[in-house]
Structures are given as C-alpha cells and as structure tokens.
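*Asks:* Structure for the following, please:
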Amino acid sequence: MDTVRNCCVTTLLCLALGLAVAGCAPRERRPLSFDDQQALAANKECRAQATQMNNEWRGDTSYAPWRAYYDMCMSRFEISDQQMRRLRLP
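*Replies:* Next comes the predicted model:
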C-alpha cells in the first residue's frame, strides 16, 4: 500500500513540476509594429511630462490633473484609446 501511495505522490509531484516549468517558459511574442513602438515612446514621454507638471502625483493614474495632462499629451501624439488599451497603457 505504501508503494502505491509513494508512486502516486511521485507521479503527482512530477506532473506539478512539469506544469510549473511549462507555465514559466518564455512565450514567443510577435515583434511590435512601428506604430506600437511609437505609442510606447509617446507613453514614456507623456508619463514623464504629466508627472513633471503635477508634482503631488503619487502613482495613481486616476489622479485627475495627471490623467488630464497625460490624455492630452497622448492625443497630441495621435495615440488612440483603442491602441492604448491594446498595449495595456494607463
């Protein structure tokens, strides 16, 4: 009975280890398009500008003055809301 139990435990541990390794494997990502690269650059620039303009901002992207400046900046770079959502930008 102990042999069967040890075999089951060993099998379950191997299976769990296999799933953990498979889950941690790097996934192949498609290269970013030129527009996506430009959107990420605009995001970096707009975040820096919005933070510089609103010194009291503490990291919450829903803070109204920060958000208003960030949105204005992104629209100036012609980055659409749909593109921001696709790239998971704030």
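*Asks:* Please list the outside residues in contact with the helix or strand Gln82 falls within.
*Replies:* Following DSSP states H and E, one finds Gln82 within helix 81-86. The contact list for helix 81-86 (CB atoms under 8 Å, 6 or more residues apart in numbering) reads Asp35, Asp36, Ala39, Asn43, Met74, Pro90. All C-beta atoms are positioned from the backbone trio N, CA, C, and that covers glycine.
*Asks:* and that helix, which residues are buried?
*Replies:* Gln83, Met84 (16 or more other CB atoms under 10 Å).
*Asks:* quick check: mean pLDDT across that helix?
*Replies:* In this model, helix 81-86 has an average pLDDT of 89.
*Asks:* Can you give the distance from that helix to the centre of its chain?
*Replies:* The chain centre lies 13 Å from the centre of helix 81-86; the measure is CA atoms, centre = their mean, to the nearest Å.
*Asks:* just stretch 27-43 next, same as before
*Replies:* The answer for stretch 27-43 is 12 Å, by CA atoms, centre = their mean.
*Asks:* Contacts for that stretch, please.
*Replies:* So stretch 27-43 is contacted by Cys73, Met74, Phe77, Ile79, Gln83, Met84, Leu87, Leu89, Pro90 (CB under 8 Å, 6+ apart).
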